[in-house]
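> this is a predicted model, with the sequence first.
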Amino acid sequence: MATRPVTAYVALGANLGAPIVTVRAAIEALRGLAGARLLSVSSLYRTAPVGLRDQPDFINAVAALEVTGSADDFLATLFAIEASFGRVRGIKNAPRTLDLDLLLFGAELRDSPGLTLPHPRLIERAFVLAPLAEIAPTLVIDGHGPVAQLLADVDGQRIERLP
């Protein structure tokens, strides 16, 4: 359990209902968390779906929070927020009302059944790397390198920053 605050990065995504409204409301839910302080939020991005492609585009963002507590407790809080927005976990990469992924939790490295840190696919996804690079341009992902270089490696993925 973290006794001192750590910086956690959370990816937000939605493509059902009113995804722009949902992502903005989820950011406000993060802002209101006890034991956490919202540090920064990226712009919103419209992105192509990954995996199951016959579905609406996603709206994505990344938030940085200062968190006190454990990664497990914070992940449970993120799942509770998802559930409050009607998220039902089922088919991987399926359409969803809200998806909150814990990307990084301080310098914690972990590979357990319930949580892998850093998030195992963050380096493969422009919809995570572009907003992450926007709010943390000098961030280095342990074992992978600088966010800016990782983003250059996925430049063929369709992503559009919204005004």
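Nice, thanks for sending it over. This one's a predicted model, so the numbers in the text were calculated from it and none came from an experiment.
> for the chain, which segments count as helices?
If DSSP state H is used as the criterion, the helices of the chain fall at 19-31, 71-84, 126-135, 147-152.
> pull out the buried positions in the shortest one.
Right, helix 147-152. V147, L150, L151 (16 or more other CB atoms under 10 Å). No exception for glycine: its C-beta is placed from N, CA and C like everyone else's.
> quick check: which of the helices of the chain is buried the most?
With neighbours defined as mean count of other CB atoms under 10 Å, the helices of the chain peak in mean count at helix 126-135, which reaches a mean of 24.
> packing partners for it?
strand 2-14, strand 45-47, strand 58-69, strand 99-105, helix 147-152, strand 159-161 (3 or more CB pairs under 8 Å, 6 or more residues apart in numbering; DSSP states H and E).
> can you rerun that using 6 Å?
Applying 3 or more CB pairs under 6 Å, 6 or more residues apart in numbering; DSSP states H and E, we find helix 126-135 packed against strand 45-47, strand 58-69, helix 147-152, strand 159-161.
> all good on my end, thank you.
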